[in-house]
Structure formats: structure tokens, C-alpha cells
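Participant: Provided below are the primary sequence and the corresponding predicted coordinates.
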Amino acid sequence: MQLTNTTDRYQSFIQNMATATAAKTITTYQLDAINVVFTETPTQKEVLLISQTQNIAPEVIDFVLAELCHTTRENCDLVLTERLAEIVTPSVNRVAS
């Protein structure tokens, strides 16, 4: 599996989302037939997986979480339907000591 960064293709969407949310990072990716939107706010990370043609398999969710959030499903809130997955995980703010 490979995530392909497609952020340049969705500049209008990203600009609209940036003005409407507290997101400090908004990045879009393509993973086969699945569109992935990654946003990060000061308090959480959110991943949205959307497919028009196929169900979103658990191993796809696991891969995306590992790649983008460096976590597992056990540490997330997950809303899952056949062709949509919304995943929210707390951001970890580390303070150097």
C-alpha cells in the first residue's frame, strides 16, 4: 500500500476547510480508490477515508493510522460505514524538558 499526496489537486477545498476550521494541517492523499483527508488541530488528528467503489477494509485503516498518526485503532474514536471511515485521535503535545 502506498499513500500518494494529492494536496496540490485540492487547493480550493483545502483553503475553504482551513478558513472554516481550527486545522493547522490539512493534507489529502490517494490510496488506490480511496480518498484520504488528514487534518490536525492543536488538540486532535482526524482522518477521513472515502471510497466511491469499495468498502474500506480494516487493514487499510490500520495502514493509514500507522502512516499518518503513528497509532493504532485502540487509541482512536472510529466511525465506520461501508465506504467511509472517520477516525479521531488526540494530538500528543510533547514538551521538551
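Facilitator: Right, received. Where do you want to start?
Participant: all contacts plus neighbour counts: C-alpha atoms, from now on.
Facilitator: Will do.
Participant: May I have the helix or strand of the chain with the lowest mean pLDDT as CSV, with CA atoms only?
Facilitator: In the chain, no helix or strand scores lower on mean pLDDT, DSSP states H and E than helix 11-20, which sits at a mean of 74. Provided in CSV are the C-alpha atoms of helix 11-20 (Å, rounded to 0.1, in the frame of the first residue of the first chain):
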residue,chain,number,x,y,z
GLN,A,11,-6.2,23.7,-3.1
SER,A,12,-9.7,25.2,-3.2
PHE,A,13,-11.0,22.5,-0.9
ILE,A,14,-8.1,22.9,1.5
GLN,A,15,-8.4,26.7,1.6
ASN,A,16,-12.1,26.5,2.3
MET,A,17,-11.5,23.9,5.0
ALA,A,18,-8.7,26.0,6.6
THR,A,19,-10.9,29.1,6.9
ALA,A,20,-13.8,27.1,8.4
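Participant: Run through who's touching it.
Facilitator: Thr7, Ala23, Lys24, Ile26, Thr27 (Cα atoms under 8 Å, 6 or more residues apart in numbering).
Participant: Name the nearest residue to the third one, ignoring sequence neighbours.
Facilitator: Read that as Lys24. Thr41 (5.4 Å; Cα to Cα, 6 or more residues apart in numbering).
Participant: now the residue lying closest to Tyr10 once chain neighbours are set aside, what's its secondary structure?
Facilitator: Distance criterion Cα to Cα, 6+ apart; nearest residue to Tyr10, sequence neighbours excluded, is Thr28 at 7.6 Å. What DSSP: H, G, I helix; E, B strand; the rest coil gives for Thr28 is strand.
Participant: separation between Thr28 and Glu74?
Facilitator: 24 Å (Cα to Cα, to the nearest Å).
Participant: So between these two, which is more surrounded?
Facilitator: A count of neighbours by other Cα atoms under 10 Å puts Thr28 above the other of Thr28 and Glu74, at 22 against 8.
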